[in-house]
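Asks: Need coordinates for the below:
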Amino acid sequence: MTDHDLEEFEETYVAPPPGQETAELLDELAGLIENAKSMPLSSSAIVQREELLEILNEARTALPDELGRARRILQDKDEVLSAARRESKELLDDARAQAAHIVQRTEIVRQARNQAERIVAEAEANGRRIQHEADDYVDRKLAAFEIVLDRTIRTVQAGRERLSVVEEEEPEELEEAEAGFFDQDRG
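Replies: Residues are numbered from 1 along each chain as shown. From the prediction side, this is the model:
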């Protein structure tokens, strides 16, 4: 409840009517006056003085009790309003504290998300860097292997070329050797 609501409550609060006893006495008094006989040619009324005084005395006797009750009601009203103000202040303080806690928790969550995104980005960058390093390493090893393999292929080709030259020379030498071998048999 806000201060404005409390002010409206105070302005619109109407104490309950006086006790039934006082109200009945006043109604009875008004009835006597209304029903009193009029004086001829006048607006004055003839009333029973003793009866009216008796009713007024009874009302006076009841009135302090009614006033005491009214004072207690007003005092209770003030206590209720004070309690409502205290309660509304406590509720506002609690709401502000909860709002601050929610804002703080939201800020913590936002910071945690930012840190998580930063960690993921760093991990992805490290993964790409490691992948590039691995690719470079494999490329260097394949290049070295290619060089060794190329040398081996050249060595194999050179050896085959020598073998093909030796094979071509061999048949002539064999024919000459065979020709000589057989020459001795001929003769």
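Asks: does the residue most central in space within the chain sit in a helix or strand, and which one?
Replies: By Cα atoms, centre = their mean, the chain has its centre lying nearest to T106, at 5.6 Å. Using DSSP states H and E, T106 maps to helix 49-186.
Asks: What mean pLDDT does that helix get?
Replies: The average pLDDT within helix 49-186 is 82.
Asks: Spit out the contact partners of the closest residue to E58 other than its chain neighbours.
Replies: The spatial neighbour of E58 that comes closest, neighbours along the chain excluded (Cβ to Cβ, 6 or more residues apart in numbering), is L25 at 5.3 Å. (Glycine included, C-beta is placed from N, CA and C.) Applying Cβ atoms under 8 Å, 6 or more residues apart in numbering, we find L25 in contact with 55, 58-59, 62.
Asks: moving C-terminal of the one helix or strand L25 maps to, what's the next helix or strand?
Replies: According to DSSP H and E, L25 maps onto helix 20-34. Next along the chain after helix 20-34, taking DSSP H and E as the criterion, comes strand 37-38.
Asks: per-residue confidence averaged over the helix holding L25?
Replies: Mean pLDDT, helix 20-34: 77.
Asks: Measure how that helix sits relative to helix 49-186, angle-wise.
Replies: Helix 20-34 runs at 140 degrees relative to helix 49-186, counting by axes from the mean of the first three to the mean of the last three Cα atoms, to 10 degrees.
Asks: No more questions from me, cheers.
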